[in-house]
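**Q** Turn this into a model:
(chains A and B)
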Protein chains: 2
Amino acid sequence: MAQPQVKIASDMSNKENPIDRISDILADDMTAVNAIIISRMDSHVPLVKQLAGYLIAAGGKRIRPLLTLATTAMFSGDMKRSHLLASCVEFIHTATLLHDDVVDESDERRGKATANLVFGNQASVLVGDFLFSRSFQMMVDDGNLDILRILSDASAVIAQGEVLQLTTANNIATSMDEYLEVIKAKTAALFAAACEVGPVIADRDETITRNIAQFGMNLGIAFQIVDDILDYSATREKLGKTIGDDFREGKMTAPVIFAIEKADSNEREFWQRTLGDRDQNDDDLQKAFKLIEKHGALKASQKMAGHYADMALSNIKDAPESELKALLTQLVTFTIEREF
Amino acid sequence: MAQPQVKIASDMSNKENPIDRISDILADDMTAVNAIIISRMDSHVPLVKQLAGYLIAAGGKRIRPLLTLATTAMFSGDMKRSHLLASCVEFIHTATLLHDDVVDESDERRGKATANLVFGNQASVLVGDFLFSRSFQMMVDDGNLDILRILSDASAVIAQGEVLQLTTANNIATSMDEYLEVIKAKTAALFAAACEVGPVIADRDETITRNIAQFGMNLGIAFQIVDDILDYSATREKLGKTIGDDFREGKMTAPVIFAIEKADSNEREFWQRTLGDRDQNDDDLQKAFKLIEKHGALKASQKMAGHYADMALSNIKDAPESELKALLTQLVTFTIEREF
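**A** Below is the predicted model:
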C-alpha cells in the first residue's frame, strides 16, 4: 500500500464541510430534488406517505444526490435529468437505510427514533420495497438503459454486501480484505454510482466516466473507514456523541481488525468474548480503546483511509477545472480529516 | 355486479390443473427458465447462494413465469427473451414472498419451514433485496424500456398493496373495496404484468396487450378470492390441510367481510374480539365457520370470484386460437372451481 500523500492539516479539520458549500452552489437544484422526492414518495396508501414523510423530515446532508448533481454540473450535463436521477439515488439510499435499521434492530439514527421503531418493522420492510421500486420507475421515466444498469448493478452489490456483513459480524477471523469488500459494497458502490450518473448524463467518454465512478468508489471507501474510526474516537466522545456502537454490536471494522492482527493470545480471548460472543462488561469498551491504542490501530486505519483518499484525488485530477471540482477535491481531504 | 356466467361443473373440479398441462407443453422453456434462475441467483456471498438455493428447492407450480411463457408462445414471441423475463417475474415473486414471510412472521410455507425461520429475518430481508435488484439487472440485459416499466410499476403497486394490507388487518370495518384493492395490488398486479410481458415481447398492438394484461389481472383477483375462500373450506380441512390461518391472523378477506356486512351486534362483537383484538378461544374458528355459513358468505365470495373469472374469459376470447389459449381459458374455470 502506497504512503498517503494527503497530510493531516489540523487547521482544516472540522472547519467547513465542503459539502455545505456544494449545497449552497447547487441550492436551486437541491430544491428541485426535494420537490421530486416529496412528489414521488406520494402514495394513495396513507401509511406509505406518513413513513416516507418521516424519513424526509429526518434529513441528513444528502451527500449522494449532491454527488450526482455536482458531477452532472461539472460536465455541463442536463440538470433537469440530474434532478430526477439524484432523487433515484436518494430513494435507493433511503430504502437501504430502512432495511438496515430492521436488520440491525436499530432504534436511533442521527438522534431520531428510527422508522422501524415508530412504524414497525413490517412497514419499514415494505416501504423500503416501495421506494426501491419507485426509484426504478423514475429511471424508466428518464429512459437511459446505461443509467438503469449503473443503478441496478449498484443495488445488487449493496444487497450482497449487506449479507456479507451479516456473516462477518461477530467473527473475529474477518480479514481486512473481507472488511474492504463489505464497505465497498454497502457504502462505496452507491457513492460510485451517484458520481457516475453525472458524466453519463453529460455523455462523456468511457475513460472520464470510469474515473469519476472510481472517484466515488474511493471517496466512499475512505468515508466509511473514517466513519468506523470515529466510532472509537475520543474527540467524538468528548463532544457528547455516541461512540462504541460497532463494538457493542460486534461489528468487524478496520480499528478492531488491525488490533486483532497484532493481538496476543490474551487479547484474542478478549476480542472473542466481547465481539465474537458479545459477552461485554461495563469497562470492556475502555479496554478495547486501550488495545486499539496500544497497537496503533486507529493510525493504521487512518493511513488506509488516506490511501483511498489519494486514489480519489488522482481519479478526479483530470476533470475540467471548476469551483465544483475544487470542492469535490476538498471533500476528499475533509472526509479523512474530520474528527466527528 | 353481473351474474357469473361460469357454472360450477363439479365433474371438472380438482381433476387436472391446466397449469400442469401448460407446464408439459412448455417443459423445455421451463427448463431454460430454471437454468437462468439458478445461474442468476449465484453470488460470491455464500449465504446469498444458500438461501436462494433453499427457495428454489421449495418449488411451487411457478404459475407466474408460466403465464409469461404461455402468453409469449401464444403470440409467437421470442422465447429466448421470454425465458429471461419469466425468470425476472419469478425473482420479483420470490423477493415478495421472502419479505412477506418476515412481515407476517410466518414459519411455514407449503409445508416447509420459511427462509426467515431457517436463515433469520435479516438474511431474508437482504436476499429479497438482492433478488429484486437482480431482476432489474436482468431486465436491463433484455433492454426493453416498456418491459422495465411494466415490472417496475407492478413492483411499486405490490409494495403499496402490502402496506395497505397491514393497515386493514385486524380492522373489521375494512370494506370489500379495500379488500379488492389489496388483492389487486398484492396478487393480481404481478399476474397482470407476467401476462403482459408476452404480447410486448411479440410486439402486439396496444388493444391485444391491454386485454392480456387485464386477463392476468382478473385471473389474479379470482385466484386470490378463491385462495381466501379455501382458508375457510371444510373440504380442504377434510383433506388434512391447514385452514383458518387468515382467521388466526385477523386478516380481512372476502368471507369474513361478507359475514360482517350482515352481522348483528352480537356477531360484530365476536368478529371484533376474534379478528380485531385477536383474542381467540379454541372453538372460535368453528363459530366463525357457522357465521360465514349462516350469511352465505362463502357463496357470495364464490360469486364474486366468478365475476372476475367471467371478465378474464372475456379478456382472452379474441386471442388467436391455440392449445395454449384453450388451456389458459380452462385455467380460469379451474381457478374458481378448485376445492383445495
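**Q** Now residue A:74: closest residue in space, sequence neighbours ignored.
**A** residue A:324 (4.7 Å; C-beta to C-beta, 6 or more residues apart in numbering or on different chains). (Each C-beta comes from the backbone N, C-alpha and C, glycine too.)
**Q** Find me the pLDDT at that neighbour, would you?
**A** The model reports residue A:324 with a pLDDT of 97.
**Q** do the one 3 residues further on as well
**A** Among the per-residue scores, residue A:327 shows a pLDDT of 97.
**Q** Repeat that for residue A:116.
**A** pLDDT at residue A:116 comes out at 76.
**Q** Same check on the one 10 residues further on?
**A** Residue A:126 is assigned a predicted lDDT (pLDDT) of 92.
**Q** That one: what's it in contact with?
**A** Contact analysis of residue A:126 by C-beta atoms under 8 Å, 6 or more residues apart in numbering or on different chains lists B:99, B:103, B:159, B:162-163, B:166.
**Q** Among these, which ones are in helices?
**A** Mapping the contacts of residue A:126 onto helices (DSSP state H) picks out B:99, B:103, B:159, B:162-163, B:166.
**Q** Tell me which stretches of the stretch 201-340 of chain A form helices.
**A** With DSSP state H, counting those that start in this stretch as the criterion, the stretch 201-340 of chain A has helices at A:206-230, A:234-238, A:245-249, A:254-261, A:265-271, A:284-294, A:297-316, A:323-337.
**Q** what's the least confident stretch among those helices?
**A** Ranked by mean pLDDT, the helices of the stretch 201-340 of chain A bottom out at helix A:234-238, with a mean of 74.
**Q** now that helix, how far from the centre of its chain.
**A** 21 Å (C-alpha atoms, centre = their mean, to the nearest Å).
**Q** go on, stretch A:113-128?
**A** For stretch A:113-128, the distance to the chain centre is 21 Å (C-alpha atoms, centre = their mean).
**Q** now stretch A:81-90
**A** 17 Å.
**Q** for stretch A:178-193, same thing?
**A** Centroid separation between stretch A:178-193 and its chain, computed with C-alpha atoms, centre = their mean, is 8 Å.
**Q** Only the buried residues of that stretch, if you could.
**A** A:178-193 (16 or more other C-beta atoms under 10 Å in any protein chain shown).
**Q** What of stretch A:157-174?
**A** Buried residues in stretch A:157-174, counting neighbours by 16+ other C-beta under 10 Å, are found at A:157-170, A:172, A:174.
**Q** Say whether chain B is contacted by it.
**A** Yes. Residues of stretch A:157-174 contacting chain B under C-beta under 8 Å from any C-beta of the partner chain: A:158-160, A:162-164, A:166-167.
**Q** Which member of those is positioned nearest chain B?
**A** The nearest member of the residues of stretch A:157-174 next to chain B to chain B, counting by C-beta to the nearest C-beta, is residue A:159 at 3.7 Å.
**Q** The closest one and residue B:133 touch, don't they?
**A** Yes. Counting by C-beta atoms under 8 Å, residue A:159 touches residue B:133, with 5.6 Å between them.
**Q** Contacts for stretch A:75-82 next, please.
**A** Residues outside stretch A:75-82 that contact it (C-beta under 8 Å, 6+ apart) are A:29, A:32, A:68-69, A:72-73, A:142, A:197-199, A:201-204, A:208, A:319-320.
**Q** before we move on, back to that, which one among the ones in helices among the contacts of residue A:126 gets closest to residue B:56?
**A** residue B:99 (17.5 Å; C-beta to C-beta).
**Q** OK, contacts around that closest one?
**A** Residues counted as contacts of residue B:99 (C-beta under 8 Å, 6+ apart) are A:125-126, A:129, B:124-125, B:128, B:162.
**Q** tell me the least confident of the ones in helices among the contacts of residue A:126?
**A** pLDDT across these is lowest for residue B:103, at 72.
**Q** Report the rounded mean pLDDT for stretch A:18-33.
**A** pLDDT averaged over stretch A:18-33 gives 95.
**Q** Determine how far the last residue of it lies from the first.
**A** Terminal residues of stretch A:18-33 lie 19 Å apart, using C-alpha to C-alpha, to the nearest Å.
**Q** follow-up on the earlier one: for residue B:338, state which of the buried residues of stretch A:157-174 is nearest.
**A** residue A:159 (36.3 Å).
**Q** Please name the residues that touch the residue nearest to the spatial centre of chain A.
**A** The residue lying closest to the centre of chain A (C-alpha atoms, centre = their mean) is residue A:187, at 4.2 Å. The contact partners of residue A:187, taken as C-beta under 8 Å, 6+ apart, are A:220-221, A:223-224.
**Q** let's see it at 7 Å
**A** A:220, A:223-224 (C-beta atoms under 7 Å, 6 or more residues apart in numbering or on different chains).
**Q** Could you do residue A:29 as well?
**A** By C-beta under 7 Å, 6+ apart, the contact set of residue A:29 is A:69, A:79, A:83.
**Q** Scan those and report the most crowded one.
**A** residue A:69 (30 neighbours; other C-beta atoms under 10 Å in any protein chain shown).
**Q** pLDDT score for that one?
**A** Model confidence at residue A:69 (pLDDT) stands at 98.
**Q** Pull up the gap between it and residue A:63, please.
**A** 11 Å (C-beta to C-beta, to the nearest Å).
**Q** Quick one: neighbours of residue A:39, just the number.
**A** Counted by other C-beta under 10 Å, the residues lying close to residue A:39 total 9.
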